[in-house]
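# make a model of this:
(one chain, ligands or ions: 1)
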Amino acid sequence: MFENLSERLGGVFDRLTKQGALSEDDVRTALREVRVALLEADVSLPVARQFVKAVEKKATGAAVTRSITPGQQVVKIVHDELIATLAGEGDPGSLRIDTPPAPILMVGLQGGGKTTTTAKLAKRLKERDKKKVLMASLDVNRPAAMEQLEILGRQIGVDTLPIVKGEDPVAIAKRAKTQAALGGYDVYMLDTAGRLSIDDELMAQVEAVRDVANPRETLLVVDGLTGQDAVHTAENFDTRIGITGVVLTRMDGDGRGGAALSMRAVTGKPIKFVGLGEKMDALETFEPDRVAGRILGMGDIVALVEKAQQTLEVEQAERMMRRFSKGQFNMNDLRMQLEQMIKMGGMGAMLQMMPGAAKMAKQMDDAGMDDKILRQQIALINSMTKKERANPALLQASRKKRIAKGSGMDVSDLNKLLKMQRQMSDMMKKMGKMGKGGMLKQAMK
Ligand code: GDP
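Here you go, the predicted structure:
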């Protein structure tokens, strides 16, 4: 599975992770190569585009720690985005088969691996889930197919519905339903007929069977080697029959893997299982995080970045707390708070975050502080020098005038800002004195 894609991406990221500081150009070039790699793996163009865009957006805003390189960070973002692209809701491989006898309808084109997969899944349900399973072939046009299921059934020790010559698919489905109820089966699986291509007669037949069986799961079995064709087939079946999931077969081959990546994004339906060979136990649940790991083959880097991110958050919080408790609340801190407030949508959230800040927050509110004012205040802080931001007491009257003018505001506005910073600083100091388990610690949570 995915060897080529994996190799291509590996090349891109090897180059990227070796570099120290990455420029935006480096990232953009790498992402262009990712896009080409995806397209070569037969991922559909809109999906590839959307994928790269999402990664670019996240890479631009990502906080980077010193312990990892920006390239490693990009690898992690690509990894997470792969999972997001592949994942559906619920547990991988979970089936709604809790009310016996639960019908599972197997649909797909001829040669996609439908009969083989029916038997593989029956074996899995029997062995892992301890279900009593009945299989029935509805492929009346191909007696060989009906016999094939019977042979497989004997091989895996799962019952098949006895073949009655001349019966039509709907009649067989009805008989399977009755037999499943009478025989105390937990699950009955209907292996419908396939065609070489989608035609109206096939669809009408499957619809009729569906209406009789009222299946809890309708699984489309489709050849993963056929790439985007597999995705189109899934779209067609879903529109006409309504599928609940997909089984991609022949993923043991040297397919390009694109079908797996596009399937969920294009059809909205999850891949539930993958077929990995002709043998009866060559069926695996489709687990997005494992697949993403296999595609990228960079598990070490992903783990490293995850660890670094956790450390970074803890370190940042601790450093801030130490400084605040000493009353060190400078303009950089204030700017961070103001930015946070904009991000969180204003005063309300700020109030909740910082007990004790209620009074000041009310003052700000009374003064009509909205996003615009917050942004103006950030502009004022940005106009200060690095030294002034760290120690606002340095600001002389002449500098105040220049800063206010430079950001299109009055000195009185700047004075208000300075007062706010002093008040915050005092407040932090007081909170710090209240001890380690005090309010500040709670506020930091
Ligand atoms: P159907 O016409 O859709 O019922 O297809 P079959 O179940 O008869 O399968 C067609 C061929 O594909 C058989 O030779 C199977 O052994 C083979 N096949 C099915 N699934 C897989 C798979 O996951 N990997 C490989 N390599 N072969 C498979």
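
# going by C-alpha atoms from here, please, whenever you check contacts or count neighbours.
Fine.

# how about the strands in the chain?
The residue ranges that make up the strands of the chain, judged by DSSP state E, are 102-107, 133-137, 159-160, 187-191, 217-223, 245-249, 271-275, 283-285.

# quick one: mean pLDDT for the second one?
Pointing back at strand 133-137 there. If you average the pLDDT over strand 133-137, you get 97.

# so what secondary structure elements neighbour that strand?
Strand 133-137 sits against helix 114-127, helix 143-156, strand 159-160, helix 169-182, strand 187-191, with contacts defined as 3 or more CA pairs under 8 Å, 6 or more residues apart in numbering; DSSP states H and E.

# out of these, flag the one nearest P392.
Ranking those by distance to P392, with CA to CA as the measure, places helix 114-127 first at 69.3 Å.

# hmm, who's touching that closest one?
Surrounding helix 114-127, the residues in contact under the criterion CA atoms under 8 Å, 6 or more residues apart in numbering are 106-108, 131-133, 135, 145, 148-149, 152-153, 156-158, 189, 191, 221-222, 275, 278, 280-283.

# re earlier: can I get the strands of the chain in JSON lines including distance to R322?
JSON lines is the format used below for the strands of the chain (distance: least, CA to CA, whole Å):
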{"stretch": "strand 102-107", "distance to R322": "60"}
{"stretch": "strand 133-137", "distance to R322": "63"}
{"stretch": "strand 159-160", "distance to R322": "69"}
{"stretch": "strand 187-191", "distance to R322": "61"}
{"stretch": "strand 217-223", "distance to R322": "56"}
{"stretch": "strand 245-249", "distance to R322": "52"}
{"stretch": "strand 271-275", "distance to R322": "49"}
{"stretch": "strand 283-285", "distance to R322": "48"}
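
# among the ones you listed, which comes closest to G406?
G406 lies closest to strand 271-275 among those, at 57.6 Å (CA to CA).

# residues in contact with that closest one?
With contacts defined as CA under 8 Å, 6+ apart, strand 271-275 is touched by 88, 92-94, 117, 245-252, 260, 263-264, 282-286.

# out of the residues you listed, which touch the ligand?
With CA under 6 Å from any ligand atom as the criterion, the contacts of strand 271-275 include 249-252 near the ligand.

# which of those fall within helices?
Of the positions in these, not one sits in helices, assigned by DSSP state H.

# quick check: the farthest pair among those?
T249 and D252 (8.0 Å).

# identify the contacts common to those two.
Contact criterion CA under 8 Å, 6+ apart; residues bridging T249 and D252 by contacting each: 275-277.

# highest neighbour count among those residues?
With neighbours set by other CA atoms under 10 Å, the maximum within the shared contacts of T249 and D252 is found at G275, which has 28 neighbours.

# grab the nearest non-local neighbour of that residue.
In space, G275 comes closest to T249 once its chain neighbours are excluded; the distance is 4.1 Å by CA to CA, 6 or more residues apart in numbering.

# surely the one you found is in contact with G224?
Yes - under the criterion of CA atoms under 8 Å, T249 makes contact with G224 at 5.3 Å.

# just for the stretch 51-200 of the chain, where's the confidence low?
Residues of the stretch 51-200 of the chain meeting the criterion pLDDT under 70: 61-68, 90.

# hmm, try it at 90
Low-confidence segments of the stretch 51-200 of the chain, defined by pLDDT under 90, span residues 51-52, 54-95, 98-99, 141-143, 165-166, 193-200.

# buried members of the contacts of helix 114-127 into PyMOL, please.
Applying 16 or more other CA atoms under 10 Å to those, the buried members can be selected in PyMOL as follows:
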select buried, resi 106+107+108+131+132+133+135+145+149+152+153+156+158+189+191+221+222+275+280+281+282+283
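
# list the contacts of the residue nearest to Q328 when sequence neighbours are not counted.
In space, Q328 comes closest to S425 once its chain neighbours are excluded; the distance is 6.4 Å by CA to CA, 6+ apart. S425 makes contact with 324, 327-330, according to CA under 8 Å, 6+ apart.

# save those as CSV, and put in pLDDT, distance to A122 and neighbour count too.
What follows is the contacts of S425, written out as CSV (pLDDT from 0 to 100; distance: CA to CA, whole Å; neighbours: other CA atoms under 10 Å):
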residue, pLDDT, distance to A122, neighbour count
F324, 78, 62, 23
G327, 74, 67, 20
Q328, 80, 66, 20
F329, 85, 65, 23
N330, 87, 66, 21
